[in-house]
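Student: I'll drop the sequence and a predicted model, then ask my questions.
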Amino acid sequence: MIDILYCGNHKVFDGVLTSALSIVRRMESPRPLTIHIFTMELTRVSPDYLCLSEEQCNLLQEALQRHNPQTLVKHYDVTALYEAHLKGNINEGCYCSPYTLLRLLADLVPMPAKLLYLDVDVMACRDIGLLFDQDISHVEYAAARDHYGKFLVYPNYINAGVLLFNMENCRRTGLFPEARALIQRKKLLFADQSALIRSTTRRKLLSQRFNDQKFLYRGTVIRHFSKRLFYLPYPHTENIKQWQVDRLREKFRYTCFDDVLEEYLTIKEKIS
């Protein structure tokens, strides 16, 4: 069984769909897969902060089961948990959105012992089992280095867009409660990522191929489309996501995701 967690509102549907499609299409052999999605309604902060709908989750499950019938999609409205544990925290208006904080509630929802958290802007290039089957029996989680942070912050600074959690160890050490407490009392540069890093007791560093944030190599397992620096025609940053199909193809000229993106576009056309 592979268990994957995404977090977000109704606007992350395109990201979850493309990411999850890449996972099922790159599996070398079918195995049970459960997609867990934390969502919430937070219109007190923004009128756009609405839950991912049951209809969207049903569409997602239908699309994934065409490739792997052993796939389930479960979504959890964690609004009440967020309001009880994180409401009004000083990081609520962080650089991305309050939805990045939802993974800090993972210990408060019945979850399997091993859980792979993924940002919605990641794509699988190879079998996700190469990542999920990593041994994390003696750590709280496994993560790869942050491409820029390892130069600008410190060499082993991690990127929290791909986190393989040992939930039993996390509950035993209190990783999540400590991270939530930090979020409440201290303004942090990268909000939940900073809180998780500061609350860590023991972690495992993964090869960069499990979270490549800048380039695509032959051995890449996960390509993470986070904001990155380009030097031409002048130094600038761009934040190109995989569901921005035309921009992705123009800027990166990737062809390895064409099967996934063509299916995504077909699904979007049918439901539009």
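Tutor: Nice, I can see it.
Student: in stretch 179-198, what's buried?
Tutor: Within stretch 179-198, the residues that count as buried by 16 or more other Cβ atoms under 10 Å are 179-180, 182-183, 188, 190-197. To be clear about C-beta, it is placed using only N, CA and C from the backbone, and glycine gets the same treatment.
Student: can you map out the helices along the protein?
Tutor: 13-26, 54-65, 79-85, 129-132, 149-152, 167-173, 175-185, 191-199, 245-252, 258-271 (DSSP state H).
Student: Can you lay out those helices as TSV showing mean pLDDT and distance to residue 2?
Tutor: Listed next are these as TSV, based on pLDDT from 0 to 100; distance: least, Cβ to Cβ, whole Å:
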stretch	mean pLDDT	distance to residue 2
helix 13-26	98	8
helix 54-65	96	12
helix 79-85	96	24
helix 129-132	98	5
helix 149-152	62	27
helix 167-173	97	14
helix 175-185	93	21
helix 191-199	88	22
helix 245-252	92	26
helix 258-271	94	18
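Student: As JSON lines, these with distance to residue 44 would be great.
Tutor: Formatted as JSON lines, these follow (distance: least, Cβ to Cβ, whole Å):
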{"stretch": "helix 13-26", "distance to residue 44": "22"}
{"stretch": "helix 54-65", "distance to residue 44": "22"}
{"stretch": "helix 79-85", "distance to residue 44": "9"}
{"stretch": "helix 129-132", "distance to residue 44": "36"}
{"stretch": "helix 149-152", "distance to residue 44": "32"}
{"stretch": "helix 167-173", "distance to residue 44": "29"}
{"stretch": "helix 175-185", "distance to residue 44": "17"}
{"stretch": "helix 191-199", "distance to residue 44": "18"}
{"stretch": "helix 245-252", "distance to residue 44": "33"}
{"stretch": "helix 258-271", "distance to residue 44": "29"}
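Student: of all those, which lies closest to residue 100?
Tutor: When those are compared for distance to residue 100 using Cβ to Cβ, the nearest one is helix 191-199, at 5.2 Å.
Student: What are the contacting residues of the closest one?
Tutor: When contacts are defined by Cβ atoms under 8 Å, 6 or more residues apart in numbering, helix 191-199 is touched by residues 91, 94-96, 100-101, 103-104, 157-160, 163, 174-176, 178-180, 182-183, 188.
Student: likewise stretch 165-185?
Tutor: Counting by Cβ under 8 Å, 6+ apart, 85-86, 89-91, 101, 104-108, 111-117, 136-141, 188, 191-192, 194-196, 198-202 sit against stretch 165-185.
Student: Tell me the span between the first and last residue of it.
Tutor: End-to-end span of stretch 165-185 (Cα to Cα, to the nearest Å): 24 Å.
Student: circling back to that earlier point, in the buried residues of stretch 179-198, find the pair that's most separated.
Tutor: 180 and 190 (15.5 Å).
Student: Find me whatever residue is spatially closest to the residue nearest the centre of the chain, sequence neighbours aside.
Tutor: For the chain, the residue nearest the mean C-alpha position is residue 119 (1.7 Å; Cα atoms, centre = their mean). Leaving aside its chain neighbours, residue 119 sits nearest to residue 161 (3.8 Å; criterion: Cβ to Cβ, 6 or more residues apart in numbering).
Student: which residues touch the one you found?
Tutor: Contacts of residue 161 by Cβ under 8 Å, 6+ apart are 118-119, 121-122, 211, 213, 224, 226.
Student: now with 10 Å?
Tutor: By Cβ atoms under 10 Å, 6 or more residues apart in numbering, residue 161 lies in contact with 100, 117-122, 143-144, 146, 193, 211, 213, 222, 224-226.
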